[in-house]
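K.L.:
predicted model and sequence follow; I will ask about them next.
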Amino acid sequence: MIKKLDKMVLKRFLPKSGLQRQLVFYIVFIGVVFLTMAVEMNSFLYGEKILGTLNDIASPEVSADLVKYILLKVRVMLGNLLLAIGLVMMLFTKRIMFPLERIIEGTRAMSAGDFSTTLPEQSRDELGDLARHINELNANEQELILLAKGMSEQLRQTLIDGEQETKVAEAVEILDELEDALSEFGRSFYRC
């Protein structure tokens, strides 16, 4: 029961994508840097230069209290800065991850043959442009498939209904039209 609960908790809170794992790594890395800075600041303020100088000016109790106060302020500032950096990174990653996950799901469906799928083009940034281009590509593929089906039906009818002398010439003409359409599709695809 506990193992099942642990797996559920881990599954829910562990990063699912590579970008999310990188974000967690960056936040941990920044946290370690801030922790190192706090330790360095602690040893600096309690060192002989600062504490010794303060002891010369004021009593040892006042000096120790002043150092504690400065350390508290430094820790609060470092903690706030770490929190702000973490929140900004998380919000930025969420802003990227949600549209990217939708694009991945949509392209998966398209690659499986579901050409009725369209991607949401909500944002005006690069991810919105990517979704727009994928939708255009999907529409072009749908047109090409319909064109190929129509031409194959036309070719079939020509070969079945046509007169013996003209069957081959008409079939070649239809195949040339299909080849031209495929070439045009290829050119428009590489322009995107």
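P.N.:
Right, received. Where do you want to start?

K.L.:
now do the SS call for the residue lying closest to residue 85 once chain neighbours are set aside.
P.N.:
Spatial nearest neighbour of residue 85, excluding adjacent residues (C-beta to C-beta, 6 or more residues apart in numbering): residue 30 at 5.7 Å. To be clear about C-beta, it is placed using only N, CA and C from the backbone, and glycine gets the same treatment. Here residue 30 is helix, with the state taken from DSSP: H, G, I helix; E, B strand; the rest coil.

K.L.:
just checking, residue 30 touches residue 86?
P.N.:
Yes - Residue 30 is in contact with residue 86 according to C-beta atoms under 8 Å; the separation is 7.4 Å.

K.L.:
where in this structure is pLDDT low?
P.N.:
The chain contains residues with pLDDT under 70 at 1-2, 5-17, 162, 185-192.

K.L.:
could I get the full set of helices for it?
P.N.:
Per DSSP state H, the chain carries helices over the ranges 2-13, 18-45, 48-57, 60-111, 126-161, 164-191.

K.L.:
got CSV for those helices, with distance to residue 120 too?
P.N.:
What follows is those, written out as CSV (distance: least, C-beta to C-beta, whole Å):
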stretch, distance to residue 120
helix 2-13, 25
helix 18-45, 19
helix 48-57, 57
helix 60-111, 6
helix 126-161, 7
helix 164-191, 22
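
K.L.:
got JSON lines for those, with mean neighbour count too?
P.N.:
Listed next are these as JSON lines, based on neighbours: other C-beta atoms under 10 Å:
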{"stretch": "helix 2-13", "mean neighbour count": "9"}
{"stretch": "helix 18-45", "mean neighbour count": "13"}
{"stretch": "helix 48-57", "mean neighbour count": "12"}
{"stretch": "helix 60-111", "mean neighbour count": "14"}
{"stretch": "helix 126-161", "mean neighbour count": "14"}
{"stretch": "helix 164-191", "mean neighbour count": "12"}
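
K.L.:
figure out which of those is closest to residue 118.
P.N.:
helix 126-161 (5.4 Å; C-beta to C-beta).

K.L.:
now do the closest one against helix 60-111, angle only.
P.N.:
Interaxial angle of helix 126-161 relative to helix 60-111 (axes from the mean of the first three to the mean of the last three C-alpha atoms, to 10 degrees): 10 degrees.

K.L.:
no further queries at this time; thank you.
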